[in-house]
Each structure stands twice: as C-alpha cells, then as structure tokens.
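Engineer: Sequence and predicted structure are below.
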Amino acid sequence: MKRMYAHTHEWAGLEEGKDVVVGISDYAQIALGDIVFVNLPTIGDPVTQGESFGDVESVKAVSDLISPVSGKVSAINDALLSAPELLNSDPLNTWVIKVEGSVDESLLMDEATYLALDKDH
C-alpha cells in the first residue's frame, strides 16, 4: 500500500482499485497522548479533502480528524469505538475510515517528505 501524508498528520493508504484507507500518523498519536474517544462519521457520509470528518479525544485535548481524500465513507473502523487506544498502539496499521473517492496527491506528501518535516516524527 502506498501511503501519503497530510500536513495535519493523517495518512491516506492508496491501492489501485480499492477504497482509500485513512488513519493518523505516529507523530499525531504521540502529540495527542492517550486517546480515549474517537468520533467517526457514518457510512455513506461525504468527506472532503482538507476538511474535518470526525475527531479524536485524548487526555490532553480534542483534535479534528482532517480528511486527506474526497469521496464517500465506505467503512468505519468499529473497533475504535470500544478501543480507541488502538490508535496509540499501532497508528500506521490502524485505519479510521475507508473512502470511496479520489485523492489529489499534489496536496499530500510521500513518507520521506513527511518525516523530513520534523526530526521528531
């Protein structure tokens, strides 16, 4: 899976012919601290690249989840509703939503570019 990153620390997993998988970066989960709640959209809801589709609540703050893709929500990760801490334990393999839609890759970064933004990533 090809993974692209937004400046807002979400990732989009791209596989040809498949829905786009969306998650948060390791940097995001570290910055958030212990995640205690995830507010997810409903299947069928529209999402727009660069706009909020939900939020994550941690012991530190509530942060918007910004979509790195435009389209329609095709799946949500139900496991996060009862175990939001999965985003802390394995953020790069724990998806939040899947989207049937398109990605403007010119608005995203590849992993090397994203990680080079800040050596704390």
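Structural biologist: It's in.
Engineer: So residue 15 versus residue 21, what's the distance?
Structural biologist: 8 Å (C-beta to C-beta, to the nearest Å). Quick note: C-beta positions are derived from backbone N, CA and C, even for glycine.
Engineer: and stretch 57-74, C-alpha only, in CSV?
Structural biologist: The C-alpha trace of stretch 57-74 is given here as CSV (Å, rounded to 0.1, in the frame of the first residue of the first chain):
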residue,chain,number,x,y,z
GLU,A,57,-10.3,12.9,22.2
SER,A,58,-7.2,12.3,24.3
VAL,A,59,-6.3,13.1,27.9
LYS,A,60,-4.7,16.3,26.5
ALA,A,61,-7.3,17.7,24.0
VAL,A,62,-9.9,17.1,21.3
SER,A,63,-8.4,17.3,17.8
ASP,A,64,-10.2,17.3,14.5
LEU,A,65,-9.5,14.5,12.0
ILE,A,66,-8.9,16.1,8.6
SER,A,67,-9.6,14.0,5.5
PRO,A,68,-6.8,13.5,3.1
VAL,A,69,-9.3,12.3,0.5
SER,A,70,-12.6,13.4,-1.0
GLY,A,71,-15.5,11.0,-1.5
LYS,A,72,-18.0,8.9,0.4
VAL,A,73,-17.3,6.9,3.6
SER,A,74,-17.5,3.2,2.7
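Engineer: Buried residues in it, which are they?
Structural biologist: Using 16 or more other C-beta atoms under 10 Å as the test for burial, stretch 57-74 gives 58, 63, 65-71, 73.
Engineer: tell me the mean pLDDT over that stretch?
Structural biologist: Averaged over stretch 57-74, pLDDT sits at 96.
Engineer: that older thread, and of the buried residues of stretch 57-74, the nearest to residue 42?
Structural biologist: Set against residue 42, the nearest of the buried residues of stretch 57-74 by C-beta to C-beta is residue 73 (6.9 Å).
Engineer: In this structure the closest one contacts residue 41, no?
Structural biologist: Yes: at 5.1 Å, residue 73 and residue 41 qualify as touching, with contact defined as C-beta atoms under 8 Å.
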